[in-house]
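# this one's sequence-less:
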């Protein structure tokens, strides 16, 4: 175990409000030094779980261990965590320096040592020399950094972040994502990060926990979650995808009556959904082996800068779940003439990319 | 460790933590709660009890029966309601245009006008009542001026009667109507009016079909506060009414000060409380309590 | 007169169509402020009779208030009543402000169901007819021999001041970001320390305003004082009221002038504090 970080062990954490479960029997192991993201739509329970870790929400039952120590009954101020809130929650009546030094003051650290650690924390977040500024003189990005410096100044072994980047504009947010990740790699503390932004989660995390309706849906690396979603909720929530109904009978899969080949043979019969990622589908001139093909009518063609998004309505089948999206990279847009809206097109999807979810 | 505890780890400990938390916050409100209980609930409850005690010390409706039969009491009720209703109506008639006017001004000018509302609001009730007495009496400023200007030859009586009481009460109650009403009007999105006129409404029509309905919660809150406060009013009618305007609160007071008649005073007080309670209950159904408390 | 055609509302109403409203509103504002102010020149009149404008000026009514230890027709000793009022009002600050502030903090942090029950109870002193509260307190205080005592007055006045403190501090806390307190606690502060070092400095102006309003409420209170005060401990407003019911003593004009100065002064301070707090956002 690394001495700058602690593993977190969450077991059977349950929180019920009246008839509604905010958290339902959540168990989760977070490794020491890991960047773990709790990902889910709003109201999924991800923030509730973070607040349970911080000690601000009391679950009905469950266990939370930092290292080997049970902390679930400890008040927040004894848990020794660093925390960054969504709206930063900086103290407006204190300067940057006083904000960052506050945890040290609470710990009775000497003035000289506080000064040194504050300077160190400020330089870690690239805010050297701004210590005397008031909070109101800072930009959104700078406030974010102060909040971060305040959370890491006392070198906590666990850092909790609740959607810390959601108030920033897109460009700054993307810069900060990379910076936060680098910061984590330098400081190596266990980080639990809450977000509803799947792209952010994919960019930053070692592992992602997807939460919905208070339940843990899937736990895995960004790659695993993106490439092999457990169910249609995750397939839909993470990345773009078109979901097409597939019937599996006696080991044979068919979509709207036409047989298709899946990457993995499914033994169980039943109704599933084929996940078609737009960037994995392609426009096909001719059918070759090793891919599945769908014929349809091009109903919309949208220029999106780096790519062209084609919306195709499949010819066969019922009314819903007919739509497939295909992303054609910009380079080929210029090389190849695109079909026009209203034309019939054939879409291909490699067998290796053809998987179904329940 | 029992099986139940193994199934639900830390359940009991967490319940304890949650209970402690609730207790902490409840504990913070406890001194307040104790004050209100000791100084309002118990004493008023005691008065409630006294109102059902007859002359011979037994439980009876005697006090209420006597009140219902007495012409004097009926007159007091009628006076109380008459004065309260008139004050409320006059306040609305004066306050609504003024609040509307202020809501249409820029923040800066509205704040300056607001000082005009707040100064009387925070000036001692007694001082304002006294000022009206000085202004309205027979040899007072108003009569003198009117005589000098030749409007009247003899001083007219405008104080120590209903007119004087009404003038004083309207002056004192007006801020209570304006404050919630103005806050409500300020909060009305001005774009709704623009939208109405862009859709072809004349200014008058836009006002009556859009602005007025949106200002109703504030108006209602103001009217209720004024009416409820009027019902229990004492100082102003006592001084400006000159003994000719007797409202319920004054009768309660004189029952105790002059006659030591606790039963009668309590019964009248209970009636006043019940009427106030009913109005506030209806009010809480119509507007949120927060608004009523918004001074 | 081109300014009459200026648009004065969102719905393009011109000033000349609105002129009546302007005149009416300024007249009402005039009538709201000026009547209270007539007592000021009156208080400097030399005459026993209330004439306006006074023919001769003098300070005799102020002298009467400050130095005539016993007014001839004998209602009260004004200075003593003033001291009682001041003492009671200051003590009321120290009772009503902490109790109201604590309750506001508890209310903000407790769940909404409890709040819905407690809030109407908490503002009941503003809702129950004050005369009823007064005679209830009188009856209650008789049992405990508190009638005519400073302590009894402070309790009664605190009761009516507490809802005002509660409402002011409650709305300040509503506008305050409680996450700051959470952050402080996550960083290692106990709840009490987080309140003292993080929350309190940020709502202190509201608390000061609330305490000034508590002072003013107590200082102006009449009805409870009428029943609860007595003997040596009459309050200034009680003495004024008793004097007014019988005859018009110009000394009251002098006292009224002083009261207007006190209220206006405190109001200005409260407004300045309000501006200061708003500017910080």
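The structure has been received and is ready for your questions. Quick caveat: nothing in here was measured; it's all calculated off a predicted structure.
# from here on, contacts and neighbour counts on C-alpha atoms
Fine.
# How about the residues of the stretch 101-250 of chain C by chain A?
Counting by CA under 8 Å from any CA of the partner chain, the positions of the stretch 101-250 of chain C adjacent to chain A are C:177, C:179-180, C:182-190, C:198, C:201-202.
# Select from those every entry located in helices.
Counting by DSSP state H, those place C:179, C:180, C:182, C:183, C:184, C:185, C:186, C:201, C:202 in helices.
# what about the last one, neighbour count?
Residue C:202 has 20 neighbouring residues, counting by other CA atoms under 10 Å in any protein chain shown.
# circling back to that earlier point, narrow the ones in helices among the residues of the stretch 101-250 of chain C next to chain A to those that are buried.
For these, a neighbour count by 16 or more other CA atoms under 10 Å in any protein chain shown gives the buried set as C:180, C:182, C:183, C:184, C:185, C:186, C:202.
# Wasn't residue A:309 part of a strand?
Yes: counting by DSSP: H, G, I helix; E, B strand; the rest coil, residue A:309 is part of a strand.
# Now do the contacts for residue C:186.
Shown in contact with residue C:186 (CA atoms under 8 Å, 6 or more residues apart in numbering or on different chains): A:54, A:76, A:77, A:79, A:80, A:81, A:82, A:83.
# got it, and residue B:241?
B:159, B:160, B:161, B:162, B:164, B:165.
# so which residue of chain C comes closest to chain A?
residue C:188 (4.0 Å; CA to the nearest CA).
# quick one, phi psi at that residue?
phi 120, psi 10 (degrees, to the nearest 10).
# pLDDT score assigned to the closest residue to it other than its chain neighbours?
Excluding the flanking residues, the one nearest residue C:188 by CA to CA, 6 or more residues apart in numbering or on different chains is residue A:77, at 4.0 Å. Listed pLDDT for residue A:77 reads 93.
# Might one say that residue A:77 is in contact with residue C:185?
Yes: counting by CA atoms under 8 Å, residue A:77 sits close enough to residue C:185 to count as a contact (4.9 Å).
# so where's the longest helix in chain B?
Per DSSP H, chain B has its longest helix at helix B:71-104.
# quick check, distance from that helix to the centre of its chain.
11 Å (CA atoms, centre = their mean, to the nearest Å).
# hang on, residue B:33 packs against residue C:124?
No: Residue B:33 lies out of contact with residue C:124 (CA under 8 Å); the separation is 10.9 Å.
# domain ranges for chain B?
Following automatic domain parsing, one finds the domains of chain B at B:15-21+B:23-50, B:71-292.
# How about the residue of the stretch 151-300 of chain A found nearest chain C, nearest residue that isn't a chain neighbour?
Across the stretch 151-300 of chain A, no residue is closer to chain C than residue A:151, which sits at 7.2 Å (CA to the nearest CA). Leaving out its chain neighbours, the residue that sits closest to residue A:151 by CA to CA, 6+ apart is residue A:82, at 4.3 Å.
# Tell me which residue of the stretch 151-295 of chain B lies closest to chain C.
Counting by CA to the nearest CA, the stretch 151-295 of chain B gets nearest chain C through residue B:232, at 5.0 Å.
# which residue ranges form the helices in chain A?
Going by DSSP H, chain A shows helices at A:46-54, A:96-106, A:111-124, A:140-152, A:170-187, A:198-204, A:222-227, A:232-237, A:330-335.
# mind checking which of those helices is nearest residue C:259?
Proximity to residue C:259, assessed across those by CA to CA, is greatest for helix A:96-106 (44.0 Å).
# Does anything pack onto the closest one? Which helices or strands?
Judged by 3 or more CA pairs under 8 Å, 6 or more residues apart in numbering or on different chains; DSSP states H and E, the packing partners of helix A:96-106 are helix A:111-124, helix A:140-152.
# elements contacting the longest helix of chain B?
Checking 3+ CA pairs under 8 Å, 6+ apart, helix B:71-104 ends up next to helix B:62-69, helix B:107-122, helix B:162-187, helix B:212-231, helix B:248-257, helix C:15-37.
# The helix or strand following the longest one: how far from the chain's middle?
Downstream of helix B:162-187, the first helix or strand assigned by DSSP states H and E is helix B:190-198. From the chain centre to the centre of helix B:190-198 is a distance of 34 Å (CA atoms, centre = their mean).
# Wondering if helix B:190-198 reaches chain C at all.
Yes: using CA under 8 Å from any CA, helix B:190-198 comes into contact with chain C via B:190, B:193, B:194, B:197.
# Pick the one among the residues you listed closest to chain A.
Taking CA to the nearest CA as the measure, chain A lies nearest residue B:190 of the residues of helix B:190-198 next to chain C, at 28.3 Å.
# What pLDDT does the model give residue 90?
Assuming you mean chain A. If you check residue A:90, the pLDDT there is 92.
# if you could check chain C rather than the one you did, that'd help
Residue C:90 carries a pLDDT value of 97.
# ok, now residue B:70?
Reported pLDDT for residue B:70: 88.
# measure it to residue A:291 for me?
100 Å (CA to CA, to the nearest Å).
# quick one: which of these two has more around it?
Between residue B:70 and residue A:291, counting by other CA under 10 Å, residue A:291 is the more crowded of the two (19 against 11).
# which residues does the nearest residue to the more buried one once chain neighbours are set aside contact?
With CA to CA, 6+ apart as the criterion, residue A:291 has its nearest non-adjacent residue at 4.0 Å, and that residue is residue A:350. Contacts were defined as CA under 8 Å, 6+ apart; by that measure residue A:350 touches A:280, A:281, A:290, A:291, A:292.
# Now with 10 Å, please.
A:261, A:262, A:263, A:280, A:281, A:282, A:288, A:289, A:290, A:291, A:292, A:293 (CA atoms under 10 Å, 6 or more residues apart in numbering or on different chains).
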